[in-house]
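Novice: this is a predicted model, with the sequence first.
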Amino acid sequence: MDCLFCKIIKGEIPSTKVYEDEYCYAFRDIAPQAKCHVVLVSKKHVKNIREAAELSAEERSAMVLAVGKIAALENLDDGFRIVSNCGKHGCQSVEHWHIHILGGEQLSEKMA
C-alpha cells in the first residue's frame with residue numbers, strides 16, 4: 001500500500017508527533033491552516049469516516065477520545081474545530097481516515 005499516512009505512522013516519512021496511543025497517531029500539519037493544526041490518523045488503514053465501521057468500537061472511540069486529549073495537550077481551552085474530509089466533494093486529499101484539529105486562535109465562522 002502506498003499511503004502517505006501509513007508511511008508516517010511507520011516512521012518512513014518524518015513527522016512532528018503530538019500524540020500517540022495503541023490506535024491512533026497525531027502530528028503537526030506541514031501546511032497549517034491555523035496557529036495549531038494537528039492531524040489525527042487511525043493506525044489501522046480505512047479510507048475515510050464512512051469506512052470507520054470496519055474498525056472496532058475501541059479503535060473508533062480512541063479517535064474521538066484522542067481529540068480531547070490533544071486539545072488539552074495543545075492548550076486549546078478557548079475552543080477548536082475538528083474536520084474530517086470525506087471523498088472527492090469533501091476535498092479529501094489523503095485516502096486514510098484522519099481528523100484535523102484546528103485552533104490556538106479565533107477561527108473564521110466560515111467553514112470554507
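Specialist: That came through fine.
Novice: mind jotting down where the helices sit in the chain?
Specialist: 4-10, 57-73 (DSSP state H).
Novice: redo these as TSV? Include distance to Arg28, mean pLDDT and mean neighbour count.
Specialist: All C-beta atoms are positioned from the backbone trio N, CA, C, and that covers glycine. Formatted as TSV, those follow (distance: least, CB to CB, whole Å; pLDDT from 0 to 100; neighbours: other CB atoms under 10 Å):
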stretch	distance to Arg28	mean pLDDT	mean neighbour count
helix 4-10	11	97	17
helix 57-73	11	98	16
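Novice: got those helices as a markdown table, with distance to Ser108 columns?
Specialist: Shown next, in a markdown table, are those (distance: least, CB to CB, whole Å):
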| stretch | distance to Ser108 |
| --- | --- |
| helix 4-10 | 26 |
| helix 57-73 | 19 |
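Novice: closest to Val18 out of those helices?
Specialist: Among the helices of the chain, the nearest to Val18 by CB to CB is helix 57-73 (6.1 Å).
Novice: what lies in contact with that closest one?
Specialist: Contact partners of helix 57-73, identified using CB atoms under 8 Å, 6 or more residues apart in numbering, comprise 18-19, 21-24, 26, 38, 40, 42-44, 52, 80, 82, 97, 99, 101, 103.
Novice: now it, how far from the centre of its chain.
Specialist: Mean-position distance between helix 57-73 and its chain equals 10 Å (CA atoms, centre = their mean, to the nearest Å).
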